[in-house]
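Peer 1: could you work out the structure for the sequence below:
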Amino acid sequence: MSDIDQIRNDRQIAYWLLFVCAAIFIMLVIGGATRLTHSGLSMMTWDPLMGWIPPLSEAAWLESFKHYKQIPEFYELNPDMDLEGYKGIFMLEYIHRVWGRLIGIFFLLPFLYFLFAGKIRKSLRTQLITMFALGGLQGLLGWYMVSSGFDQAYVSQYRLTAHLMAAFVIFAYILWVAAGLLFPRREPSLYSVKPLFMAVAGVTALIALTVAAGGFVAGLKAGFAYNTFPLMDGHFVPEGYGMLQPFYLNWFENIAAVQFNHRLLAETVLLLVIGLWFYAKRFELHGPAKIGIHLMFGMVMIQFSLGLATLLSVVQLHLGVAHQGGAMLLFAFSLFTLRMLQSTEK
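Peer 2: Residues are numbered from 1 along each chain as shown. The predicted model follows:
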């Protein structure tokens, strides 16, 4: 195979992987809506084969609703819900799960085509198989999260955050590989960009940590408390921040501490990205790396504004969903910039 043919094949594979990334982004948005509408526990069973088909008769709907009435979420949070209300939350969770299956198909079928057409380099095959395996494990992790809500009104914040971060890991892996295929080589900068690369790497890690902190905010419903800014009930550090013992439990189980940590991390990310944008001017960036820095700067402004609006609105649905999607976009732009700086440095 000629170099030109290989470049063309790599580009086709990159576009396919970016499509999968877009599908994962949509999955995250649907998942955010599912969480905020308390729809995630509406499906008490999940048939691996027949799960594509929702209840089709009134009797089937009543049977499904009967299962839902047996869990704490119903009799503690939704005791007045009727069948029509149940159908609404069921269908949102149904779409969430079916879309997860479709992502598997979006990945598997093109992979088999590229594989049998001889378009995948040997060095890339293991990476692609790993992506598919991670997607399957994410499905199992999702069910593990849902099952934690069978004995209590809410799913475990630990399992919810693990499910969220696993989605980010899979997204990051696919995007990293796709960006490398799409932009395999860049002209070296006149000056070393390693300091900038390290700075972006640190910010990317901090964004991921902020997302994880946001997972605990979501799991504990902490966004429905302390809906003022910049102070929390008149205090910079809220009262009761360290009320749990041992102290580290406050970071995961104390609503006041969890929300404060997420706020502080988000504010730090905002300031660092702004500083990074000015710092990047010292380097002679061009092409994708320069675009990536600008995208980070613009997105961090949007994301911080969305977070603030979500808080002050006491987590209105459309703002909460947009804020979760914005987190993935900011992370994606940061990761893309990091990948482009790595290519430039080589």
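Peer 1: and the strands in the stretch 1-150 of the chain?
Peer 2: Assigned by DSSP state E, counting those that start in this stretch, the strands in the stretch 1-150 of the chain number zero.
Peer 1: would you map out the domains in the protein?
Peer 2: 1-184, 187-346 (automatic domain parsing).
Peer 1: from these, which stretch is densest packed?
Peer 2: Ranked by mean neighbour count under mean count of other CB atoms under 10 Å, the domains of the chain are led by domain 187-346, which reaches a mean of 18. For the C-beta atoms, the positions are set from N, CA and C on the backbone; glycine is no exception.
Peer 1: could the domains of the chain be laid out in CSV, adding mean pLDDT?
Peer 2: Formatted as CSV, the domains of the chain follow (pLDDT from 0 to 100):
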stretch, mean pLDDT
domain 1-184, 91
domain 187-346, 93
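Peer 1: ok, the closest residue to Q303 other than its chain neighbours - contacts?
Peer 2: The shortest distance from Q303 to any non-neighbouring residue, by CB to CB, 6 or more residues apart in numbering, is to G326 (4.1 Å). By CB atoms under 8 Å, 6 or more residues apart in numbering, the residues touching G326 are M299, I302, Q303, L306, G307.
Peer 1: tell me who's in contact with the closest residue to A225 other than its chain neighbours.
Peer 2: With sequence-adjacent residues excluded and distances taken as CB to CB, 6+ apart, A225 is closest to I255, at 5.5 Å. Applying CB under 8 Å, 6+ apart to I255 gives the contacts L220, K221, A222, A225.
Peer 1: let's see 6 Å
Peer 2: Contacts for I255 (CB atoms under 6 Å, 6 or more residues apart in numbering) come out as L220, A222, A225.
Peer 1: now it: phi and psi?
Peer 2: For I255, the backbone dihedrals (degrees, to the nearest 10) come out as phi -60, psi -50.
Peer 1: going forward can the numbers begin at 36, since that is how I track them
Peer 2: In the new count, where the first residue is 36, that last one comes out as I290.
Peer 1: which strand or helix spans the residue nearest to T165 when sequence neighbours are not counted?
Peer 2: Spatial nearest neighbour of T165, chain neighbours left out: Y208 (7.6 Å); criterion: CB to CB, 6+ apart. Element membership for Y208 (DSSP states H and E) is helix 192-217.
Peer 1: quick one: the next helix-or-strand element following that helix to helix 192-217, angle?
Peer 2: Once the chain leaves helix 192-217, the next helix or strand it forms, by DSSP H and E, is helix 229-254. Calculated by axes from the mean of the first three to the mean of the last three CA atoms, to 10 degrees, helix 229-254 forms an angle of 150 degrees with helix 192-217.
Peer 1: which strands and helices sit next to helix 229-254?
Peer 2: Helices and strands touching helix 229-254, by 3 or more CB pairs under 6 Å, 6 or more residues apart in numbering; DSSP states H and E, are helix 192-217, helix 290-314, helix 352-380.
Peer 1: next, the angle from the shortest one to helix 229-254.
Peer 2: In other words, helix 290-314. Angle of helix 290-314 versus helix 229-254, following the same axes, to 10 degrees, is 160 degrees.
Peer 1: how near is A57 to P265?
Peer 2: Distance from A57 to P265, counting by CB to CB, to the nearest Å: 35 Å.
Peer 1: let me redo that: L244
Peer 2: Noted for L244: a distance of 21 Å to P265, by CB to CB.
Peer 1: over to K229?
Peer 2: As judged by CB to CB, K229 and P265 stand 36 Å apart.
Peer 1: do I309 as well
Peer 2: I309 sits 17 Å away from P265, going by CB to CB.
Peer 1: kindly report the same for A357.
Peer 2: Between A357 and P265 the computed distance is 21 Å (CB to CB).
Peer 1: where's the residue nearest the centre of the chain relative to L365, distance?
Peer 2: Note on the chain: the residue nearest the mean C-alpha position is F203, at 4.7 Å, using CA atoms, centre = their mean. Using CB to CB, F203 is found at 11 Å from L365.
Peer 1: ditto for G177
Peer 2: From G177 over to L365 (counting by CB to CB), the distance is 23 Å.
Peer 1: same check on V228?
Peer 2: Relative to L365, and taking CB to CB, V228 is found at 21 Å.
Peer 1: likewise for S92?
Peer 2: According to CB to CB, S92 and L365 sit 45 Å apart.
Peer 1: cool, and N44?
Peer 2: From N44 to L365 the distance is 31 Å (CB to CB).
Peer 1: ok, V246 next?
Peer 2: For V246 relative to L365 (CB to CB), the value is 9 Å.
Peer 1: ditto for V204
Peer 2: On the measure of CB to CB, V204 and L365 end up 16 Å apart.
Peer 1: V304 now?
Peer 2: Applying CB to CB, the value for V304 to L365 is 8 Å.
Peer 1: same deal with L343?
Peer 2: Computed as CB to CB, the L343 to L365 distance reads 15 Å.
Peer 1: next one: Y261
Peer 2: On the measure of CB to CB, Y261 and L365 end up 23 Å apart.
Peer 1: L307 too?
Peer 2: Counting by CB to CB, the gap from L307 to L365 is 12 Å.
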